[in-house]
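> next input, structure requested:
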Amino acid sequence: MTEAGMFATATEAGHPALVFLNTVSDDGKSRNADTFDTGEALLAQLRAGGLTTGSEAPGPGQLPAILDLREATYSVVSAIAAGRRPLRDDVLMLETTIKSAIEDATFSPGRDGPLFHPGPLGGLYDALVLSILDLLQSGDLSRLRECRRCTHLFFDHGRGPGRRWCSMTRCGNRAKAQGFRDRRRASA
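Residues are numbered from 1 along each chain as shown. Below is the predicted model of the structure:
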């Protein structure tokens, strides 16, 4: 698989924060493999996914905190997509993190609502937190879905019965091929 095919773009996922949550490469529901091995690779994926930040790449000491943020946020956002109650500890961690990032953020009014930007000491972590805040404040959460085959999250803006996969190239083709094999086996 090409590097571009390994992670979702903001267009596929629908929001830069979802691109961050989708930085896992496993094909199941385990979330145990990342799509990056260095802070530079993570930053490149996030920028390709639409996160605009002048931050430097996180160092090895910062990556564990970023991964903790990703997994706590995934827990909350996945629960929202499924219509279930998120875990209290994850909600509290996210709430504390958002409050801390806003405390240091700069504010500018915008046509679509307030715009928060990471403060001078914020770095990538705060940029991610503010992007997550933007996601959670969007009025589009009723269209939030989780892929049936993996843990990737996306916004479904289709008119039909609903998108089932994060993308056709990542999971859709595999699911359709598996369905074809299952139907052939059943008819044989």
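
> pull stretch 29-42 out as CSV, backbone CA atoms only.
Taking C-alpha atoms only, stretch 29-42 is exported to CSV below (Å, rounded to 0.1, in the frame of the first residue of the first chain):
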residue,chain,number,x,y,z
LYS,A,29,-10.7,-3.3,15.8
SER,A,30,-7.5,-3.5,18.0
ARG,A,31,-5.9,-0.1,17.4
ASN,A,32,-2.5,-1.6,18.2
ALA,A,33,-0.5,-0.4,15.2
ASP,A,34,0.3,3.2,14.3
THR,A,35,0.7,4.6,10.8
PHE,A,36,3.9,6.5,11.9
ASP,A,37,7.1,5.6,13.7
THR,A,38,8.5,9.0,14.3
GLY,A,39,7.2,12.4,15.3
GLU,A,40,8.2,13.8,11.9
ALA,A,41,6.0,11.1,10.1
LEU,A,42,3.1,11.9,12.4
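
> now do the buried residues in it.
31, 34-36, 39, 41-42 (16 or more other Cβ atoms under 10 Å). Every residue, glycine included, has its C-beta placed from N, CA and C.

> and if you look at stretch 94-111?
94, 97-98, 101-102, 105.

> mind listing which of these are in helices?
Among these, the members falling in helices are 94, 97-98, 101-102 (criterion: DSSP state H).

> would you turn those residues into JSON lines with distance to residue 46 and pLDDT?
Conversion of those to JSON lines gives the following (distance: Cβ to Cβ, whole Å; pLDDT from 0 to 100):
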{"residue": "94", "distance to residue 46": "18", "pLDDT": "97"}
{"residue": "97", "distance to residue 46": "17", "pLDDT": "95"}
{"residue": "98", "distance to residue 46": "18", "pLDDT": "95"}
{"residue": "101", "distance to residue 46": "16", "pLDDT": "92"}
{"residue": "102", "distance to residue 46": "20", "pLDDT": "91"}
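
> just the closest of these to residue 159, please.
residue 94 (32.1 Å; Cβ to Cβ).

> the closest one against residue 72, yeah?
Yes. Counting by Cβ atoms under 8 Å, residue 72 is a contact partner of residue 94 at 5.6 Å.
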